[in-house]
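In: give the three-dimensional model of this entry:
(one chain, ligands or ions: 2)
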Amino acid sequence: MTRILLDCDPGHDDAIALLLALASPEVELLGVTTVAGNQTLEKTTANAIRVLEFVGRDKIPVAAGADRPLVREQVVASNVHGETGLDGPDLPPPQAPPVEQHAVDFLAAKIREHDGAVTLVPTGPLTNVALLLALHPDARPERIVLMGGAIAEGNVTPAAEFNIWCDPEAAARVFGSGIDVTMIGLDVTHKALFTPAHAARLEGRVGGMVTELLRFYGEFHRKVYDFDGSPIHDAVALAHVVRPDLVETKHLNAEIDVESELCRGRTVVDVWRRSGREPNSHVGVEIDADGFLDLLVERLNALG
Ligand code: RIB
Ligand code: CA
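Out: Ligands and ions are numbered 1, 2, ... in the order given. Presented below is the predicted three-dimensional model:
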C-alpha cells in the first residue's frame, strides 16, 4: 500500500485521477490539496470537494493552496474545462469548506506524520510543491510522480505543457530538488485516448458522471486535435503509482526553460544524454494504453 497525497487543479482529468485513487486499493489517499491552474483556486477547491462528496468520501481532507504562480500571472484553462472547471455534469455545490490549514502546511504535516514515506502526485501547476520545498525543507516526500511536461510536444504553446508553463519557476525547483521525480508528460498521455467506446463500458452513477465529464472535455480535443477521444492526463500519473508497469520511463535530465518567452515552461529532456547533465527524473516514454484504459474503466465501475 502506497500512501499518496494528490495536489491538483480539478479539472476533468484531475477529477478522474481522484476517482481512480479512491477506487484503487494499492494506494491510501491521505488528502487532497488544490492549486490554481485549470481554474481559479476557489473553483478547483470547490471541485475537489464536489467530487469527494459525490462519491461519499467527504471525510478525505481537502486543503486549498496557492491562488497564483510564484511569479507569473495566473492563467486559467476555461477553454478546456469550462467556467466551473468541471463543466458537463450538474454536480451539487460543495457542502463543506476545505480544511483551515493552507495546502503547503497540510502537505508538510502529512509528510512528517509518515516520516516522508509518502508519494506526492501533483497534477496541476507545481506552485504548492515548490512552496513546500522552500518553506518546509525537512518535510520531503520520498517520491513525486507528476503529470506535466513533454519531451517533444506542447499543448498550451507549441513548446510547453500547461502545468509546467503555468509556473515554470516552481517546476524548476521541483526538478532540481534531488527528490525521486517521475514526469508523466504528453508523450505518453496523448497515446492513451479515452474514446466513446471506452465510455460505453462505464456503468453506474459514477460512470454516468464521468461520461458527462468526458462529453464536455472531449469537445476541446475533437476541435483542437481531431482526436476521437480524450487524454486523461492526470489519471495516467496516478495509474503509474497504482500499476508502475503501465508506463515505461527513462532516467534522464530534464531542465525547465524559465528564460525565453517562445519556449517558456518547456521541459528540455536530454533523451540522448548529450548535455552531460545528471539525470534528475524518470521520464515517461511509452505507455500500455489498453492496460491503462482497461484499468480506468474497471476501477471507475468499481465505485458504483
Ligand atoms: O496539460 C495537461 C494538464 O494541465 C492536466 O493536468 C490538466 O488537468 C491541466 O492541469
Ligand atoms: Ca490537472
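In: check contacts around the residue of the stretch 1-150 of the chain found nearest ligand 1.
Out: Residue nearest to ligand 1 within the stretch 1-150 of the chain: G11 (3.8 Å; Cβ to the nearest ligand atom). (C-beta placed from N, C-alpha, C; glycine too.) Listed by Cβ atoms under 8 Å, 6 or more residues apart in numbering, the contact set of G11 reads 37-39, 44, 47, 77, 81, 85-86, 123-124, 234.
In: just the buried residues of stretch 276-296, please?
Out: 280-285, 287-289, 292-293, 295-296 (16 or more other Cβ atoms under 10 Å).
In: related to what we said a few turns ago, distance of the residue of the stretch 1-150 of the chain closest to ligand 1 relative to L133?
Out: The spacing between G11 and L133, counted by Cβ to Cβ, to the nearest Å, is 23 Å.
In: list the residues that contact the residue of the stretch 51-200 of the chain found nearest ligand 1.
Out: With Cβ to the nearest ligand atom, the shortest gap between the stretch 51-200 of the chain and ligand 1 falls at F162, namely 3.7 Å. By Cβ under 8 Å, 6+ apart, the residues touching F162 are 37, 77, 155-156.
In: select, from these, the two members most distant in space.
Out: Using Cβ to Cβ, the contacts of F162 span at most 13.0 Å, a distance reached by G37 and N155.
In: which one of those two has more residues nearby?
Out: G37 (30 against 20; other Cβ atoms under 10 Å).
In: got phi/psi on the residue of the stretch 1-150 of the chain closest to ligand 1?
Out: phi 100, psi 130 (degrees, to the nearest 10).
In: next: R143.
Out: Residue torsions, per degrees, to the nearest 10, at R143 are phi -150, psi 150.
In: if we can go back for a sec, kindly provide the distance from the residue of the stretch 51-200 of the chain closest to ligand 1 to R264.
Out: 12 Å.
In: element containing A235?
Out: Per DSSP states H and E, A235 falls inside helix 233-242.
In: what lies in contact with that helix?
Out: Outside of helix 233-242, the residues within contact range by Cβ under 8 Å, 6+ apart are 2, 4, 6, 8, 11, 13-14, 16-17, 20-21, 24, 26-27, 119, 121, 123, 145-147, 182, 184, 186, 188-189, 192, 246-247, 284, 287, 292, 295-296.
In: and ligand 2, which of the contacts of G11 contact it?
Out: 123-124, 234 (Cβ under 5 Å from the ion).
In: right, is stretch 149-168 up against ligand 2?
Out: No - applying Cβ under 5 Å from the ion, one finds stretch 149-168 separated from ligand 2 by no less than 6.3 Å.
In: pull the distance from that stretch to the chain's centre.
Out: Averaging C-alpha positions (Cα atoms, centre = their mean, to the nearest Å) puts stretch 149-168 14 Å from its chain's average.
In: need the residues of the stretch 1-150 of the chain near ligand 2, please.
Out: Within the stretch 1-150 of the chain, the positions near ligand 2 by Cβ under 5 Å from the ion are 9, 11, 14, 123-124.
In: using CSV, lay out those residues together with pLDDT and secondary structure.
Out: Formatted as CSV, these follow (pLDDT from 0 to 100; DSSP: H, G, I helix; E, B strand; the rest coil):
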residue, pLDDT, secondary structure
D9, 98, coil
G11, 97, coil
D14, 98, helix
T123, 99, coil
G124, 98, coil
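In: setting aside sequence neighbours, what's the nearest residue to M209?
Out: Of all residues not flanking M209 in the chain, P89 sits nearest, at 4.8 Å (Cβ to Cβ, 6 or more residues apart in numbering).
In: could you do G208 as well?
Out: Nearest non-adjacent residue to G208 (Cβ to Cβ, 6+ apart): L202, at 7.3 Å.
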